[in-house]
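> What shape does this take:
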Amino acid sequence: MRQTAQKIGRSLGPTSDEKDVFGTIRGEYDFNDNITAYGAYGIRRGDEDNSLSDLTVTNNDGSSTTSRFDNIREDKVQSAELGLRGKWQTGKIGHDWVLAADIYDQEEKGAYAFDSARPTNLYSPTKYRDNTWSNKAGFGGNLDDPKLTNEKQLQSFALADTISLFDDKLKTTLGVRHQNLKTTSYDANTQAETAHYDKSEWTPSIGIVYQPNMDWSIYGNYIESLAPGKRAPLTNDNDAVTNGGQNLDPYVSEQTELGVKYDNGMIGSSLAVFRTDEPRAYINNSNTFTAAGENRHQGVELTVFGSPSENMRLNAGVSYLSAKQKDTGDSALDGNRVIGVPTLQSNVNIEYDLAAVEGLTLTGDIIHTGSRYSDNANTLKVDGYTTLDLGARYRTMLAGQDVTLKGVVTNVTGEDYWQSVGGYADSGYLNAGEPTALKVSATFNF
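Numbers count the residues shown, from 1 in each chain. Predicted coordinates for the structure are as follows:
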């Protein structure tokens with residue numbers, strides 16, 4: 001559907017305006033030493049108003065095209081949780097159990113518009129002062145009055161029991177959860193229902209932890225969960241996706257993990273091997289967002305943590321991840337890496353309490369992300385990057401209240417990098433990384 005007179009003077013350049021207001025309340029009640037009831041309720045209201053332009057590079061000399069994309073989004077979210085947890089002893093067997101119910105409800109209103117591409121160059125951009133929509137512009141809904149586009153309701157009921165044996169050296173968790181997930185999509189112009197999914201599943205969870213002594217733990221777990229399908233993007237290569245904004249069918253995700261952990265109270269480390277499977281979503285030749293095959297993520301993660309000295313804390317990790325496309329229906333794609341997922345990631349976080357100034361802590365973060373592919377065929381590769389953040393926080397008292405003042409300089413070395421890499425088809429997208437910046441904040445505890 002095309003319209004010709006909406007938000008004509010919205011912007012002279014790319015802008016993004018987002019606002020979120022949220023609140024939560026949580027409470028507990030102890031019936032006795034063994035049984036506790038708990039509950040929580042939260043709401044969130046979010047607004048987003050963007051007028052953006054993207055850049056598609058078509059030649060090594062920087063020749064490109066740029067197109068305009070505007071969108072309006074309004075979110076209303078409510079969530080609630082009720083539960084009981086407790087413990088009891090049957091002979092030498094201990095039980096820690098939980099009974100919980102959760103409700104999540106989300107309504108989303110939205111509208112969007114996109115315009116045809118204009119020529120420019122990555123290294124010598126062309127400035128366009130005329131920001132009116134052309135007669136080739138496409139609209140989804142009314143930017144001045146966005147209508148309902150998506151609804152999502154999730155209800156779950158769970159029961160779990162952790163059984164302790166052999167003086168708590170062996171703990172086994174057995175759980176089951178019933179989930180019901182409803183998603184409905186609406187046409188942004190007519191409000192007609194375009195897709196509706198209503199699926200329920202019983203999903204198990206199993207976990208085992210064995211502690212031969214106080215310092216060592218060996219563990220494993222298997223978890224299933226009902227998850228909403230991915231949402232179709234609105235546009236692809238400046239063309240409207242046929243089912244843009246709609247959710248794919250819900251699916252059952254599976255996760256398996258095995259690991260070993262050492263912690264002597266001062267220093268610790270863990271090594272874990274894991275695997276997750278999820279449906280592979282992509283845009284087909286008909287410009288329709290669909291699912292075919294799966295993305296299989298399997299890898300190993302090593303972490304080190306603790307306090308090498310009384311005034312120093314360390315948290316570091318490195319992970320190797322094999323993320324492959326499986327059963328795609330295209331032999332040229334089977335076995336290729338998943339878009340945007342690096343093989344290697346690592347991070348180091350250090351905190352140091354300065355003895356000369358009570359309450360002052362110096363912080364440092366080093367983050368490395370390896371190279372990633374931005375297309376399913378794995379022909380477009382994005383280099384990895386490493387960033388350094390340095391900061392400090394100061395705990396003090398102001399007017400009788402605990403206050404934490406914090407400041408951090410991000411990307412101290414001025415690294416130029418692509419922070420995120422994504423996409424659903426042969427062409428992906430890149431988002432530029434954060435430049436060197438100073439961020440300050442204050443936290444008050446009442």
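> Only alpha carbons, please: show stretch 280-291 as CSV.
Presented in CSV, the C-alpha positions along stretch 280-291 are these (Å, rounded to 0.1, in the frame of the first residue of the first chain):
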residue,chain,number,x,y,z
ARG,A,280,17.1,-21.3,10.6
ALA,A,281,15.2,-18.3,9.3
TYR,A,282,16.0,-16.6,6.0
ILE,A,283,14.4,-14.6,3.1
ASN,A,284,13.7,-16.7,0.0
ASN,A,285,13.8,-15.8,-3.6
SER,A,286,10.1,-14.6,-3.4
ASN,A,287,11.2,-12.1,-0.7
THR,A,288,9.3,-14.0,1.9
PHE,A,289,10.7,-14.6,5.4
THR,A,290,10.5,-18.3,6.1
ALA,A,291,12.3,-21.2,8.0
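> quick one: buried residues of it?
Within stretch 280-291, the residues that count as buried by 16 or more other C-beta atoms under 10 Å are 280-283, 287, 289-290. All C-beta spots, glycine's among them, are computed from the backbone N, C-alpha and C.
> Surely Ser441 touches Lys406?
Yes: counting by C-beta atoms under 8 Å, Lys406 is a contact partner of Ser441 at 4.9 Å.
> Please say which of these two ends up with more neighbours.
Comparing Ser441 with Lys406 by other C-beta atoms under 10 Å, the one with more neighbours is Lys406, at 16 against 10.
> Distance of that one relative to Glu351?
12 Å (C-beta to C-beta, to the nearest Å).
> just for this protein, where's the confidence low?
Across the chain, the ranges flagged by pLDDT under 70 are 1-13, 238, 424-428.
> In it, which strand is the longest?
Secondary structure of the chain per DSSP state E: the longest strand is strand 63-90.
> elements contacting it?
Packing partners of strand 63-90 (3 or more C-beta pairs under 8 Å, 6 or more residues apart in numbering; DSSP states H and E): strand 35-57, strand 93-114, strand 118-121.
> what angle separates it from strand 93-114?
Strand 63-90 runs at 160 degrees relative to strand 93-114, counting by axes from the mean of the first three to the mean of the last three C-alpha atoms, to 10 degrees.
> how about strand 63-90: buried residues?
Applying 16+ other C-beta under 10 Å to strand 63-90 flags 64-75, 77, 79, 81, 83, 85-86 as buried.
> Can you report how many residues lie near Ser156?
Counted with other C-beta under 10 Å, Ser156 comes out at 20.
> where's it relative to Glu28, distance?
Shown here: Ser156 relative to Glu28, a distance of 20 Å by C-beta to C-beta.
> cool, and Leu354?
Leu354 is 37 Å from Glu28, by C-beta to C-beta.
> So which residues of the stretch 101-250 of the chain form helices?
For the stretch 101-250 of the chain, helices defined by DSSP state H, counting those that start in this stretch do not occur.
> so Gly407 is in which element?
strand 401-410 (DSSP states H and E).
> helices or strands next to the helix or strand just after that strand in the packing?
Toward the C-terminus, strand 401-410 is succeeded by strand 418-423 as the next helix or strand (DSSP H and E). Helices and strands touching strand 418-423, by 3+ C-beta pairs under 8 Å, 6+ apart, are strand 428-432.
> who touches the following helix or strand past the strand it packs on?
Note on strand 428-432: by DSSP H and E, the next helix or strand toward the C-terminus is strand 437-445. For strand 437-445, contacts defined as C-beta atoms under 8 Å, 6 or more residues apart in numbering pick out 401-411.
> in strand 437-445, what counts as buried?
The neighbour-count check on strand 437-445 (16+ other C-beta under 10 Å) flags nothing as buried.
> quick one: it to chain centroid distance?
23 Å (C-alpha atoms, centre = their mean, to the nearest Å).
> next one: stretch 71-88
17 Å.
> And for stretch 115-130?
Per C-alpha atoms, centre = their mean, the centroid offset for stretch 115-130 relative to its chain is 32 Å.
> mind listing what's buried in it?
Buried residues in stretch 115-130, defined by neighbour count with 16+ other C-beta under 10 Å: 115, 117, 120-122.
> tell me which of those residues is nearest to Val98?
Asp115 (52.5 Å; C-beta to C-beta).
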